[in-house]
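J.: Below is the sequence, then the predicted model.
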Amino acid sequence: MPIRSRPAAPPASDLLAWYDRAGRDLPWRVKGGHADPYRVWLSEIMLQQTTVEAVKPYFAKFLALWPDVKALAAADDQAVMTAWAGLGYYARARNLLACARVVAADFDGRFPETEEALRALPGIGAYTAAAIAAIAFGARAVVIDGNIERVVTRLAAIETPLPRAKPEIRAVLDAMVPPDRPGDFAQGLMDLGATICTPKSPSCLLCPLAERCVARARGQATAFPVKPAKKGKKPLQSLAFVLIDPQRRLLLRTRPATGLLAGMAEVPNTVWAAERAGTENTVMEVAPVPAEWRRLNQPVIHIFTHIDLRMDIAVARLSREVPAPAGMRWVPLDALDAEPLPTLFRKVIEAGLRALG
């Protein structure tokens, strides 16, 4: 029996029945109804490039500190960056604040309901606008995230590699989205991709759309989506300085307002470059202050989206107080939790403090 190159659009009822029965219960969700736009927006921004389990405690913390968009709009920038620290992709936190302030100032704290208006807000792209419109306002929107891409490319056996396949994915999905419960439909597809139609070991026997899946019929589910060859990550190196003074204060500074980890706190470190920074003979030449620096044998390795970073660590303890160099500051060790330190520099500081004893 020949296999169709494209399936008939599966009825939304199949997916919605499965979602009602097996969909995940998440703190920002309201099954069968419209969720709070603030919670939907906050969760969607946090979930970009991050897992659900990692987001849950951050989501709860933000709601406790800033229960609505007006409260977040009035928040101190550093307090928000500190609360975000560890979640990664810090431009999201800056956009979060910028968006909250626009919604509070221009819309009296009410998110606009259309995709077009939502996309005009800071940090909200096509996917996030569609998700908010569908989930919070019940608009019939075509919502496409990574999980949904995987489900749809398998359903239709779309052989065009990503990202060129996006128009085909949108066309197939547009024929599937129901006029009723579009938000639950989108979240059902997300859950299907996250729990059943997984990247490496899809549970096709449990899938409510299995009978209409062309990739499954071909025995090729894991062949989709087709992806272009991966580009190698850029290896970079740096040397970080962990310095403690007699009052048990740590030397910190703030990163530039633009670029990777913008506006976050860090210990002084050299420019991230392809060559190894600060050899044993030149550590003093690049150190922030004169001291008896000791270079550790174990670097911190941190993986970013396009960068593999090796950060070597030099440590020192001052015997007397010295003024902080320009652009830097002394911070008591027991006050570090209030600093917006990303995971990379928390790891560096922990390693340095262990070495100093």
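T.: Right, received. Where do you want to start?
J.: Report the helix or strand with the lowest average pLDDT across this protein.
T.: None of the helices or strands of the chain scores lower by mean pLDDT, DSSP states H and E than helix 283-286, at a mean of 85.
J.: any idea how far the helix or strand following that helix is from the chain center?
T.: Once helix 283-286 ends, the next helix or strand along the chain (criterion: DSSP states H and E) is strand 294-295. Here the centre of strand 294-295 is set off from its chain's centre by 34 Å, with CA atoms, centre = their mean, to the nearest Å.
J.: Mind listing what's buried along the next helix or strand after strand 294-295?
T.: Scanning forward in sequence from strand 294-295 by DSSP H and E, the next helix or strand is strand 300-303. Across strand 300-303, burial judged by 16 or more other CB atoms under 10 Å covers 300, 302. C-beta here means a position set from N, CA and C on the backbone, and glycine is covered the same way.
J.: ok, now stretch 214-225?
T.: Buried-residue list, stretch 214-225, by 16+ other CB under 10 Å: 214, 215, 216, 217, 221, 224, 225.
J.: Counting by contacts, list what the longest helix along the chain packs against.
T.: Using DSSP state H to define each element, the chain has its longest helix at helix 91-106. In this structure, helix 91-106 makes packing contacts with helix 37-47, helix 69-73, helix 77-84, judged by 3 or more CB pairs under 8 Å, 6 or more residues apart in numbering; DSSP states H and E.
J.: quick check, distance from the very next helix or strand once past the first one to the centre of its chain.
T.: Spelled out, that is helix 37-47. Once the chain leaves helix 37-47, the next helix or strand it forms, by DSSP H and E, is helix 52-65. A distance of 13 Å separates the centroid of the chain from that of helix 52-65, by CA atoms, centre = their mean.
J.: Stretch 198-211 now?
T.: 26 Å.
J.: Can you dump the C-alpha atoms of that stretch in PDB for me?
T.: Output in PDB follows, covering the C-alpha atoms of stretch 198-211 (Å, rounded to 0.1, in the frame of the first residue of the first chain):
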ATOM      1  CA  THR A 198      11.100  12.800  21.700                       C
ATOM      2  CA  PRO A 199      14.200  13.300  19.700                       C
ATOM      3  CA  LYS A 200      15.900   9.900  20.000                       C
ATOM      4  CA  SER A 201      13.400   7.400  21.400                       C
ATOM      5  CA  PRO A 202       9.800   8.400  20.400                       C
ATOM      6  CA  SER A 203       7.100   6.300  22.000                       C
ATOM      7  CA  CYS A 204       5.000   5.900  18.900                       C
ATOM      8  CA  LEU A 205       2.700   3.300  20.400                       C
ATOM      9  CA  LEU A 206       1.500   5.900  22.900                       C
ATOM     10  CA  CYS A 207       1.100   8.800  20.400                       C
ATOM     11  CA  PRO A 208      -2.500  10.000  19.700                       C
ATOM     12  CA  LEU A 209      -1.500  11.000  16.200                       C
ATOM     13  CA  ALA A 210       0.500   7.800  15.400                       C
ATOM     14  CA  GLU A 211      -2.000   6.500  12.800                       C
END
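J.: Could you list the low-pLDDT ranges of the stretch 1-150 of the chain?
T.: Low-confidence segments of the stretch 1-150 of the chain (pLDDT under 70): 1-10.
J.: Please name the bridge partners of the residue nearest to residue 243 when sequence neighbours are not counted.
T.: Leaving aside its chain neighbours, residue 243 sits nearest to residue 251 (4.4 Å; criterion: CB to CB, 6 or more residues apart in numbering). Residues in a beta bridge with residue 251, per DSSP bridges, are residue 330.
J.: can you pull the contacts of the closest residue in space to residue 181 that isn't next to it in sequence?
T.: Counting by CB to CB, 6+ apart, residue 181 lies nearest to residue 16, which is 6.0 Å off, once chain neighbours are set aside. Counting by CB atoms under 8 Å, 6 or more residues apart in numbering, residue 16 makes contact with 178, 181, 184, 185, 188.
J.: The residue nearest to residue 243 - how many residues pack around it?
T.: 22 (other CB atoms under 10 Å).
J.: before we move on, what about the one 10 residues further on?
T.: For residue 261, the number of neighbouring residues by other CB under 10 Å comes to 20.
J.: Could I get the contacting residues of residue 102?
T.: Residue 102 neighbours (CB under 8 Å, 6+ apart): 121, 122.
J.: 10 Å instead, please
T.: 69, 73, 120, 121, 122, 123 (CB atoms under 10 Å, 6 or more residues apart in numbering).
J.: Now the two most distant members of those residues.
T.: 73 and 120 (16.8 Å; CB to CB).
J.: Give me the contact list for the least confident helix or strand of the chain.
T.: 239, 241, 268-271, 277-279, 290-295, 312, 314, 316.
J.: And the residues you listed, which of them are buried?
T.: 239, 241, 268, 269, 270, 277, 278, 291, 293, 312, 314, 316.
J.: dump the residue contacts of the residue nearest to residue 245 when sequence neighbours are not counted.
T.: Nearest residue to residue 245 in three dimensions, chain neighbours excluded: residue 318, at 4.6 Å (CB to CB, 6+ apart). Listed by CB under 10 Å, 6+ apart, the contact partners of residue 318 are 243, 244, 245, 246, 247, 249, 251, 289, 290, 291, 292.
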